[in-house]
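no sequence on this one, just coordinates:
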């Protein structure tokens, strides 16, 4: 049941959804600094180094 003609009334009745946890920044000066694949832990092999090598090697 709506009390007003406000188009946002349906949205205001919904329960808020939790936000996704934010990923912490990589430590400054580490080898993972600036890596686009950083997800909160350091990787086993650095993808940046793998992307720099020419294909076919």
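Received it, and whenever you're ready, just let me know what you need. Everything numeric in this text was worked out from a predicted model, so none of it was measured.

so where's this protein uncertain?
Within the chain, the segments meeting pLDDT under 70 span 42, 44-45, 47-51, 53-57.

Let's verify the most centrally placed residue in it: helix, strand, or coil?
Centroid check for the chain by CA atoms, centre = their mean gives residue 23 as the closest residue, at 6.1 Å. On the three-state scheme (DSSP: H, G, I helix; E, B strand; the rest coil), residue 23 is labelled coil.

got it, and residue 12?
helix.

going forward can the numbers begin at 40, since that is how I track them
From this message on, residue numbering opens at 40, which makes the last subject residue 51.

that older thread, identify the residue nearest the residue nearest to the centre of the chain in space, chain neighbours excluded?
residue 79 (5.3 Å; CB to CB, 6 or more residues apart in numbering). To be clear about C-beta, it is placed using only N, CA and C from the backbone, and glycine gets the same treatment.

wait, residue 72 sits on residue 64?
No. The pair residue 72 / residue 64 is not scored as a contact, 9.0 Å apart, by CB atoms under 8 Å.

And for residue 51, the neighbour number?
8 (other CB atoms under 10 Å).

go on, the one 3 residues further on?
Counted by other CB under 10 Å, the residues lying close to residue 54 total 4.

For residue 48, list the residues it contacts.
Contacts for residue 48 (CB atoms under 8 Å, 6 or more residues apart in numbering) come out as 41, 42.

Tell me how far it lies from residue 66.
Taking CB to CB, to the nearest Å as the measure, residue 48 falls 47 Å from residue 66.

With residue 58 instead?
When residue 58 is compared with residue 66 (using CB to CB), they lie 24 Å apart.

neighbour count winner among the two?
residue 66 (11 against 6).

Just the element for the closest residue to that one other than its chain neighbours, please.
Closest residue in space to residue 66, ignoring its immediate chain neighbours: residue 72 at 7.0 Å, by CB to CB, 6+ apart. In the assignment (DSSP states H and E), residue 72 maps to no helix and no strand.
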